[in-house]
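**Student:** Structure for this input, please:
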Amino acid sequence: MLHIKVPAREFYDESSATFINRPEVELELEHSLISLSRWESKWKKPFLGESERSIPEMQDYIRCMTINQKAIPEEVFGMLDISIINEVQKYIDDPQTATTITTLEQPRRYRNQKITSELLYSWMIMNDIPFQCEKWHLNRLLMLIRVCGIQNAPTKKMMSKHDIFAQNRALNAKRRKALHSRG
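**Tutor:** Presented below is the predicted three-dimensional model:
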């Protein structure tokens, strides 16, 4: 969980022609599958994999991440500046796990797929991951899904040296026969 303090501000409300003092507020944020699905239901596009998001989109994602949302006036989210957005982005990018996967290879069926909240929920169901994990940091949940995928993948059969040599002898014999060669 990330705690962010939005400093007190004074701003001018043109509709009422008055100055308004907004006290300091503390946001409790969680980058989770729940916040992702809230944001995607509003914006109708995937959050993950998108390299550029506008300031209003990020401000709204921070609103979706906010756990104590009922205690926060709505206009606070429109006043979030770039320094707060950058701090939240660092939290979003944090892996939140000690697990590392050394292979860069992704399963072929997921390479060009846009990852949405519904797809993540389906992966959770396929891997028997309990729905309580939807409150985890999203990067931690994604790592768990990847680990489950690796563990559930069929093991690749390794050939012994004897089998490799036998295969190479058979290939060489086949090539010699096709090319009418002795060597």
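**Student:** tell me which residues in the worst-scoring helix or strand of the chain on mean pLDDT are buried?
**Tutor:** The weakest-scoring helix or strand in the chain, judged by mean pLDDT, DSSP states H and E, is strand 9-13 (a mean of 82). Within strand 9-13, no residue is scored as buried using 16 or more other C-beta atoms under 10 Å. Heads up, the C-betas are built off the backbone N, CA and C, glycines and all.
**Student:** C-terminal to that strand, what's the next element?
**Tutor:** strand 18-22 (DSSP states H and E).
**Student:** What's the separation between residue 2 and residue 100?
**Tutor:** 23 Å (C-beta to C-beta, to the nearest Å).
**Student:** Who has more neighbours out of the two?
**Tutor:** residue 2 (18 against 7; other C-beta atoms under 10 Å).
**Student:** Can you list the low-confidence ranges for the chain?
**Tutor:** 103-112 (pLDDT under 70).
**Student:** Which residue ranges of the protein form helices?
**Tutor:** For the chain, applying DSSP state H gives helices covering 33-43, 55-65, 75-78, 82-93, 117-126, 138-152, 161-179.
**Student:** Check the gap between residue 62 and residue 161 for me.
**Tutor:** For residue 62, the distance to residue 161 - C-beta to C-beta - is 57 Å.
**Student:** repeat for residue 176
**Tutor:** 22 Å.
**Student:** Kindly report the same for residue 61.
**Tutor:** 54 Å.
**Student:** which of the two has more neighbours?
**Tutor:** Legend: neighbour count by other C-beta under 10 Å for residue 61 and residue 161, higher for residue 61 (26 against 7).
**Student:** how much space between the more buried one and residue 163?
**Tutor:** Distance check for residue 61 against residue 163: by C-beta to C-beta, it reads 53 Å.
**Student:** try residue 20
**Tutor:** 78 Å.
**Student:** just residue 79 next, same as before
**Tutor:** 67 Å.
**Student:** Those two: which has the busier surroundings?
**Tutor:** residue 79 (15 against 11).
**Student:** Can you tell me the closest non-neighbouring residue to that one?
**Tutor:** residue 9 (6.2 Å; C-beta to C-beta, 6 or more residues apart in numbering).
**Student:** For the one you found, give me its contacts.
**Tutor:** Shown in contact with residue 9 (C-beta atoms under 8 Å, 6 or more residues apart in numbering): 21-22, 79.
**Student:** swap the cut-off to 10 Å and go again
**Tutor:** 20-24, 75-76, 79, 81 (C-beta atoms under 10 Å, 6 or more residues apart in numbering).
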